[in-house]
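Participant: Give me a 3D structure for the following:
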Amino acid sequence: MIDVRYGVKKGDLGGYVQSAENLSQEGTCWIADDAVVCENARVYEAAWITDKSHVSGQAEISGDAHVEGNAAVLENAHVTSGSVADHAVVRGNAEIKKDKRTRKSPRITGSALVYGTVVGNVIVAGGSVIGAEEKLEGGRHSAFIVFFDGEIPASGVDQQEKKSEDSRRKVKRTRVRRGDER
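Facilitator: You can find the predicted model right below:
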């Protein structure tokens with residue numbers, strides 16, 4: 001057994017996975033707290049899933065990405081950098097990634113819903129919706145901020161319960177434990 005990363009010691013009990021395939025045994029990735037990764041979703045490299053967040057479908061969380069709060073990453077979405085937090089939902093074929101030039105990463109927060117691509121120094125907050133064909137890219141010296149504080153559209157997330165429809169499915173869940181497989 002070995003320590004995985006700062007704050008995660010050998011033998012620590014982590015979040016929930018449906019199968020061993022959900023969490024890579026390479027790198028410093030981790031699923032903590034009551035976070036759930038299920039179906040064919042994968043977490044690898046240095047990605048970090050915490051709190052009561054939910055990752056499912058064919059979703060991939062990698063690089064230095066962080067999913068926290070009650071956030072959900074669903075379907076075929078890829079998050080390779082930055083953070084998805086609070087009650088935000090990233091779904092469909094969405095991509096959340098670091099800008100290769102500036103090395104800055106996006107933050108998706110509040111009750112934002114992202115179906116499109118968000119790159120670099122961008123903050124998507126409140127009840128903002130980024131459509132499937134939209135691509136937001138932050139600038140080198142300034143942030144691009146999208147904030148909407150109106151009615152939140154139906155998104156596959158029960159806004160009263162703050163849970164994705166996928167999280168209601170009964171799935172066999174297993175606690176993650178870092179063992180000597182690392």
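Participant: Roughly how far does the residue positioned nearest the centre of the chain sit from residue 10?
Facilitator: The centroid of the chain falls nearest to residue 67 when counting by Cα atoms, centre = their mean (3.6 Å). According to Cβ to Cβ, to the nearest Å, residue 67 and residue 10 sit 24 Å apart. Any C-beta I mention is one placed from the backbone N, CA and C, and that applies to glycine too.
Participant: what's the answer for residue 98, then?
Facilitator: Residue 98 sits 30 Å away from residue 10, going by Cβ to Cβ.
Participant: ok, now residue 62?
Facilitator: Distance from residue 62 to residue 10, by Cβ to Cβ: 23 Å.
Participant: Tell me which of these two has more neighbours.
Facilitator: Legend: neighbour count by other Cβ atoms under 10 Å for residue 62 and residue 10, higher for residue 62 (19 against 13).
Participant: List the contacts of the residue nearest to the more buried one when sequence neighbours are not counted.
Facilitator: The shortest distance from residue 62 to any residue other than its chain neighbours is 4.6 Å, reached at residue 45 (Cβ to Cβ, 6 or more residues apart in numbering). For residue 45, the contact set (Cβ atoms under 8 Å, 6 or more residues apart in numbering) comprises 24, 26, 27, 28, 29, 62, 63, 64.
Participant: List only buried entries from these.
Facilitator: Buried by 16 or more other Cβ atoms under 10 Å: 27, 28, 29, 62, 63, out of the contacts of residue 45.
Participant: measure the residue nearest to the second one when sequence neighbours are not counted to residue 26 for me?
Facilitator: Nearest in space to residue 28, with sequence neighbours left out and distances taken as Cβ to Cβ, 6+ apart, is residue 5 at 4.2 Å. If you measure residue 5 against residue 26 using Cβ to Cβ, the figure is 13 Å.
Participant: how about stretch 96-106: buried residues?
Facilitator: Neighbour-count burial for stretch 96-106 flags 96, 97, 98, 99, 104, 105, 106 (criterion: 16+ other Cβ under 10 Å).
Participant: Now for these: which two are most distant?
Facilitator: Largest separation among the buried residues of stretch 96-106 by Cβ to Cβ: 96 and 104, giving 12.4 Å.
Participant: Assumed residue 21 was part of a helix.
Facilitator: Yes. Judged by DSSP: H, G, I helix; E, B strand; the rest coil, residue 21 forms part of a helix.
Participant: Could you give the bridge partners of the closest residue to it other than its chain neighbours?
Facilitator: For residue 21, ignoring the flanking residues on the chain, the nearest one in space by Cβ to Cβ, 6+ apart is residue 42 at 7.0 Å. Legend: beta-bridge partners of residue 42 under DSSP bridges are residue 60.
Participant: Quick check: pLDDT value at residue 42.
Facilitator: Residue 42 is assigned a predicted lDDT (pLDDT) of 98.
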